[in-house]
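Colleague: below are the sequence and a predicted model for it; my questions follow.
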Amino acid sequence: MVKLLSVAQVSGKQPLGILTALSTGFDAVTRQLWLLALPAALDVFLWMGPRLKTPGVWRLFMFEIPAGLDANTRLFAQDFQDSLQHVLENANWFVWLLRPALLGVPGLSDALGEPPPGVAPTVWPLADVGALVVAVIVLVVLGVGLSGLYWSLVARQARDGRIDWWAAWGRMAVVWPRMLALALLLIGMVAIIWTPALILSALLGSELGLLGALLVTVSFALLVWLLFYTAFSVHGIVLYNQRVLDAVRASVDLCRAHFWKTLGLLAALVAIEWGMGLIWNQVPSGSWLWAVSIAGNAFVGAGLSMASMMYYMEHVPVPRSTLVPT
């Protein structure tokens, strides 16, 4: 039987705590600022690069508001149509390159961001819904590949204290398909939990609205539980070359063995990213100061990614026979 050893067990040191993991992660990024390159480059592309838009598609989703509705309902329906038209006319669909399918490169840009003064990005129009669907699928697949490249760089820095772009790129033939499989697995699990809840809640109607709300709440709790226990699946794929199900199993084992500490770390990661996001977004994307927000967000995102990788490496037992990527 192969004995399972974590990095902390091999070194004989105490595994990293929450604050130590965070400080170690940011310290590692400070020593290797190249980790900021990919997230910053993606944000700059979405900020100043060409726009992929659907200027005429919104008409397909418009509907005639029935005359018999009361004034408040008609106002709500009209506001909904106006908002939908605004999004479909102005959204930059390249945003799917960032954080696709619950995975991804940390980014700050959103679909409705404005370019800086004096920059007029080229608009690439999509003619119909079919073209939009194909474009989104392609962008998600590319985004997952970029995620694999980014996390491979983070893993190399955590393990060896250096990054190697060529080695990370060379591993994409293995990492990319496994990241896609993980994304499909997570999407499928979310759909299995969430879709029946929404359908049943709609069927229950207003007469049993309390039961429907309870069903949606329970389903949401299950989704949070799912995302918590699978949060470190990517780490096993890029750090120890694990297959998807093995990586998910290792993530579940980590969360079970160190439940409260892992919960605290994930809560800290989410709180820091969310809180700093509020600060970065105080600057409008139409200002040149948005470049400062991009750089700051890339640094914070890389530090948090590195902290989670260091924590995983210190706590997860790894078989001696595991193929560690070079």
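Modeller: Thanks, I have it. What you see is a predicted model, and the numbers here were worked out from it, not measured in a lab. Numbers count the residues shown, from 1 in each chain.
Colleague: burial count for residue 243?
Modeller: Per other C-beta atoms under 10 Å, the neighbour tally for residue 243 reads 14. In short, each C-beta sits where N, CA and C put it, glycine included.
Colleague: can you give me the helices in the stretch 51-200 of the chain?
Modeller: 71-90, 129-160, 165-170, 172-204 (DSSP state H, counting those that start in this stretch).
Colleague: identify whichever of the ones you listed lies nearest to residue 46.
Modeller: Proximity to residue 46 (C-beta to C-beta) singles out helix 129-160 among the helices of the stretch 51-200 of the chain, at 11.4 Å.
Colleague: any idea which of the helices of the stretch 51-200 of the chain gets closest to residue 235?
Modeller: Closest to residue 235 of the helices of the stretch 51-200 of the chain, according to C-beta to C-beta: helix 129-160, at 7.3 Å.
Colleague: which of the residues in that closest one are buried?
Modeller: The neighbour-count check on helix 129-160 (16 or more other C-beta atoms under 10 Å) flags 132, 135, 139-141, 143-159 as buried.
Colleague: also stretch 307-323?
Modeller: By 16+ other C-beta under 10 Å, the buried positions in stretch 307-323 come out as 307, 308, 309, 310, 311, 312, 313, 314, 315, 316, 318.
Colleague: mind listing which of the residues you listed are in helices?
Modeller: Among the buried residues of stretch 307-323, DSSP state H puts 307, 308, 309, 310, 311, 312, 313, 314, 315 in helices.
Colleague: let me know the helix or strand that residue 286 is in.
Modeller: Secondary structure from DSSP states H and E places residue 286 outside every helix and strand.
Colleague: can you report how many residues neighbour it?
Modeller: The tally of other residues near residue 286 (other C-beta under 10 Å) stands at 14.
Colleague: so what's it up against?
Modeller: By C-beta atoms under 8 Å, 6 or more residues apart in numbering, the residues touching residue 286 are 114, 115, 116, 117.
Colleague: can I get the buried part of the residues you listed as one PyMOL selection?
Modeller: Buried members of the contacts of residue 286, defined by 16+ other C-beta under 10 Å, are picked up in PyMOL with:
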select buried, resi 115
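Colleague: test for you: state the pLDDT assigned to residue 72.
Modeller: Residue 72 is assigned 77 on the pLDDT scale.
Colleague: before we move on, what about the one 4 residues further on?
Modeller: The predicted local confidence for residue 76 comes out at a pLDDT of 79.
Colleague: what's around it, how many residues?
Modeller: Close neighbours of residue 76, defined as other C-beta under 10 Å, add up to 13.
Colleague: what would the ones in helices among the buried residues of stretch 307-323 look like in TSV with pLDDT and distance to residue 202?
Modeller: Shown next, in TSV, are those (pLDDT from 0 to 100; distance: C-beta to C-beta, whole Å):
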residue	pLDDT	distance to residue 202
307	95	41
308	95	37
309	95	41
310	95	45
311	96	41
312	96	40
313	93	45
314	91	46
315	92	42
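Colleague: now, which of the residues you listed sits nearest residue 227?
Modeller: residue 308 (13.6 Å).
Colleague: could you list every residue that touches the closest one?
Modeller: By C-beta under 8 Å, 6+ apart, the contact list for residue 308 reads 21, 25, 231, 232, 235, 265, 269.
Colleague: what's the most distant pair in those?
Modeller: Greatest spatial distance among the contacts of residue 308 (C-beta to C-beta): 25 and 231, at 15.3 Å.
Colleague: nearest to residue 176 among the contacts of residue 286?
Modeller: Comparing these against residue 176 with C-beta to C-beta places residue 115 closest, at 30.5 Å.
Colleague: spatially nearest residue to that closest one, not counting backbone neighbours?
Modeller: Leaving aside its sequence neighbours, residue 115 sits nearest to residue 121 (C-beta to C-beta, 6 or more residues apart in numbering; 5.3 Å).
Colleague: ok, the one you found to residue 38 distance?
Modeller: Distance of residue 121 to residue 38, computed by C-beta to C-beta, to the nearest Å: 21 Å.
Colleague: repeat that for residue 140.
Modeller: 17 Å.
Colleague: higher neighbour count, residue 25 and residue 231?
Modeller: residue 25 (25 against 22).
Colleague: that one reaches residue 301, doesn't it?
Modeller: No: Residue 25 lies out of contact with residue 301 (C-beta atoms under 8 Å); the separation is 10.8 Å.
Colleague: residue 121 and residue 38 - which one has more neighbours?
Modeller: Between residue 121 and residue 38, counting by other C-beta under 10 Å, residue 38 is the more crowded of the two (22 against 15).
Colleague: now the nearest residue to residue 54 once chain neighbours are set aside: phi and psi?
Modeller: Computed as C-beta to C-beta, 6+ apart, the closest residue to residue 54 that is not its neighbour in sequence is residue 126, at 4.8 Å. Taking degrees, to the nearest 10, you get phi -110, psi 130 for the backbone angles of residue 126.
Colleague: how much space between residue 90 and residue 82?
Modeller: Counting by C-beta to C-beta, the gap from residue 90 to residue 82 is 12 Å.
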